[in-house]
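A.B. asks: any chance you could fold what I've pasted below:
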Amino acid sequence: MKAKSILISFLIFWQIAVNAQQSCDTLDYEAQFAYAMSLFEQDSMVTACENFYKLVYMLEEDDSVKSKESKKKLTSICNAHLMLGHIYTHYDLIKIGLSHYSIALDYAKAMNSGHALSIVYKFMAFSHRAYDADSALYYHQKCLDAHPNHLNKIDLDKLKAEILFYDKNERDSALNLMRSNLGIIEHENVRQAYYALIGEMMCNSKQYDSAIYYLSKSVEGDHYFTKLGSATNLSRVYDSLGDYEKKSYYDGIVAQLGMKRINSNFSTDRIRAMNDMYNERKHNAIETKARKRIVSISLISLALIVATAIFFRYRHLKKNRLLLKRIDEMTDDINTKDDVIRNISYKHSLITGKIKNKNAELQKQTEIIKKQNEEILLMKEKLDKEQAAVRMDAFLGSEICFRIMNDKDLQMNQDDFDLLLQSANLNLRGFVVNISKEYPRLKKEDLCYICLMLIDLNDKQISSLFGVTYSAIKTRRSKICNIIEVKNELLYKYLIDRLYLKD
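C.D. replies: Numbering: from 1, shown residues only. Next up is the predicted model:
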């Protein structure tokens, strides 16, 4: 397959340029990146994604990357995250793609490279174009500010023209801005993208001859979305002109491109799973670091307690030795100083009293140490419970919950039910497993209904997601209440109390 966009070419040239300036102490990283890029260029997206993740895992364990000292390695991991973001946005997983772009942006800032920042901002701008024009404009401007050149200006002007044409209805200004840049465009993919947008504008302005001229140029290009958009607009033009033979021809191109897109969707689950594994790995690393910190604090506290006990014990023994020595001296004097026996006995009683006081004080210190040890154990138990606490925010932020709450027309299938139950188990302390063990009569759909109640959906919304009538959902709710033995109106309170209060 030919190159997908000018951005990928920039990324490859940037990697080569950095490698030429650095030593060859990380050949493994370079080879891994080159291999992943070759797979990407061959359209082996899933395998390429897997190899980019391998590169990320390798570099994240590298001390020079953690300390952000090696520009070469920072460049490699930055590029890897850029390519992962590009792959995910290619499959319309925009949220995941943007998360990788954000990580790449952090590494680009650490390198203090305007060129690197401009590339990251450009990727982010392209990802926002179809969904958020204001954000896309913002990132294109950041791209131009980070590394001013005519290519970045061309991309920014293209977006400005779209906004002028579609949002502000300043059509002549938009077309003039687009045409003024045609003479300075060098890369063919960029030129065809310009032709496609000018043709679309002409089509919307019903200037069909001009639209056909520009769209015919862009439809011959290699870029998927440019070709698809141009073919779609040409079909519209010929439909308006009544030339149904040519309309049918371009409808066929649209159908072929659509089938290609559909056939590529089989990879979504696999690359989504790779991202889940990456996030889980990061989460485990954070938890491990937190546990190490807790252990360190506990060991320091224990060392202080032991040192305090040794100090008091030593002082007590030292005083006892001094007192015993003095008693021995007094005993020797008794044989020669009978006249002071009573005085010595009195002093001895005072000394004995002090010893008792010191022993009592030591006993108090021992009790304090015992109490502190008990408090440390309680703290550890509390921390263990907190680590197993309900993560409702994580559950609500999971992909399936995000889709349920944002896609009003969604009708859940069995895969969606499975994802919902898995997310609830993972984030809500095994909630689904526990309640199904306690109430084995609950079916899979009953458990899904319970999870949707925890998201705070009403029965009408749930009936839409299940694709059944409202009365069927009411019947299911009554069945669940009978199994759990709770009143219908108290079901939600029972589930929340069980989730947060039951050990």
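
A.B. asks: where in the stretch 401-503 of the chain is pLDDT low?
C.D. replies: Low-confidence segments of the stretch 401-503 of the chain (pLDDT under 70): 502-503.

A.B. asks: which residues of it fall in helices?
C.D. replies: Secondary structure of the stretch 401-503 of the chain (DSSP state H, counting those that start in this stretch): helices located at 414-427, 431-438, 444-454, 459-466, 470-484, 491-501.

A.B. asks: ranking the ones you listed by burial, who's on top?
C.D. replies: For the helices of the stretch 401-503 of the chain, the stretch with the most neighbours on average is helix 444-454, a mean of 20; neighbours defined as mean count of other CB atoms under 10 Å. No exception for glycine: its C-beta is placed from N, CA and C like everyone else's.

A.B. asks: now that helix: how far from the chain's centre is it?
C.D. replies: 26 Å (CA atoms, centre = their mean, to the nearest Å).

A.B. asks: which elements pack onto it?
C.D. replies: Here helix 444-454 is seen to pack against helix 414-427, helix 431-438, helix 459-466, helix 470-484, helix 491-501 when contacts are counted using 3 or more CB pairs under 8 Å, 6 or more residues apart in numbering; DSSP states H and E.

A.B. asks: got a list of contacts for that helix?
C.D. replies: Helix 444-454 is contacted by residues 392, 395, 404, 412, 417, 420-421, 424, 428, 432, 435-436, 442, 461-462, 465-466, 473, 476-477, 479-480, 483, 491-492, 495-496, 499 when judged by CB atoms under 8 Å, 6 or more residues apart in numbering.

A.B. asks: how about it as CSV, C-alpha atoms only?
C.D. replies: Extracted in CSV, the C-alpha atoms of helix 444-454 (Å, rounded to 0.1, in the frame of the first residue of the first chain):
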residue,chain,number,x,y,z
LYS,A,444,-27.5,-12.9,32.7
GLU,A,445,-30.1,-10.4,31.6
ASP,A,446,-31.2,-9.8,35.3
LEU,A,447,-27.5,-9.1,36.2
CYS,A,448,-27.3,-6.6,33.2
TYR,A,449,-30.5,-4.9,34.4
ILE,A,450,-28.9,-4.5,37.9
CYS,A,451,-25.7,-3.0,36.4
LEU,A,452,-27.7,-0.5,34.3
MET,A,453,-29.6,0.5,37.5
LEU,A,454,-26.2,1.3,39.1
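
A.B. asks: and the angle from it to helix 491-501?
C.D. replies: Between the direction of helix 444-454 and that of helix 491-501, the angle (axes from the mean of the first three to the mean of the last three CA atoms, to 10 degrees) works out to 80 degrees.

A.B. asks: quick one: helix 444-454 to helix 470-484, angle?
C.D. replies: Relative orientation of helix 444-454 and helix 470-484, computed by the same axes, to 10 degrees: 100 degrees.

A.B. asks: kindly calculate the angle that helix 444-454 makes with helix 431-438.
C.D. replies: Regarding helix 444-454 and helix 431-438, their directions subtend 130 degrees when assessed with the same axes, to 10 degrees.

A.B. asks: how many residues are close by the residue nearest to Lys142 when sequence neighbours are not counted?
C.D. replies: When the adjacent residues along the chain are set aside, Lys142 lies closest to Tyr121, with 4.4 Å between them (CB to CB, 6 or more residues apart in numbering). Using other CB atoms under 10 Å, Tyr121 is surrounded by 24 other residues.

A.B. asks: need the contact list for Tyr121.
C.D. replies: Under the criterion of CB under 8 Å, 6+ apart, the contact partners of Tyr121 comprise Leu105, Tyr139, His140, Lys142, Cys143, Ala146.

A.B. asks: return the host helix or strand of it as CSV; C-alpha atoms alone will do.
C.D. replies: With elements delineated by DSSP states H and E, Tyr121 resides in helix 114-128, which encompasses its position. Extracted as CSV, the C-alpha positions of helix 114-128 are listed here (Å, rounded to 0.1, in the frame of the first residue of the first chain):
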residue,chain,number,x,y,z
GLY,A,114,9.6,22.5,18.2
HIS,A,115,9.6,20.2,15.3
ALA,A,116,8.5,17.2,17.5
LEU,A,117,5.7,19.4,19.1
SER,A,118,4.4,20.5,15.7
ILE,A,119,4.1,16.9,14.5
VAL,A,120,2.2,15.9,17.6
TYR,A,121,-0.1,18.9,17.5
LYS,A,122,-0.8,18.2,13.8
PHE,A,123,-1.9,14.6,14.6
MET,A,124,-4.1,15.9,17.4
ALA,A,125,-5.6,18.5,15.0
PHE,A,126,-6.5,15.9,12.4
SER,A,127,-8.2,13.7,15.0
HIS,A,128,-10.4,16.6,16.1
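
A.B. asks: in that helix, what's buried?
C.D. replies: Using 16 or more other CB atoms under 10 Å as the test for burial, helix 114-128 gives 116-128.

A.B. asks: same question, stretch 313-326
C.D. replies: Neighbour-count burial for stretch 313-326 flags His316, Leu323 (criterion: 16+ other CB under 10 Å).

A.B. asks: let me see the domain layout of the chain.
C.D. replies: Per the record's domain assignment (automatic domain parsing), the chain is made up of the domains 270-388, 393-501.

A.B. asks: what's the closest of those to Ser240?
C.D. replies: domain 393-501 (29.8 Å; CB to CB).

A.B. asks: what about the closest one, distance to the chain center?
C.D. replies: For domain 393-501 - counting by CA atoms, centre = their mean - the centre lies 25 Å from the chain centre.

A.B. asks: quick one: end-to-end distance for that domain.
C.D. replies: From the first residue to the last, domain 393-501 extends over 17 Å; the measure is CA to CA, to the nearest Å.

A.B. asks: which helix of this protein spans the most residues?
C.D. replies: Under DSSP state H, the helix in the chain containing the largest number of residues is helix 268-334.

A.B. asks: JSON lines for the helices and strands packed on helix 444-454, including distance to Lys227?
C.D. replies: Rendered in JSON lines, the data for the helices and strands packed on helix 444-454 read as follows (distance: least, CB to CB, whole Å):
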{"stretch": "helix 414-427", "distance to Lys227": "31"}
{"stretch": "helix 431-438", "distance to Lys227": "46"}
{"stretch": "helix 459-466", "distance to Lys227": "36"}
{"stretch": "helix 470-484", "distance to Lys227": "45"}
{"stretch": "helix 491-501", "distance to Lys227": "51"}
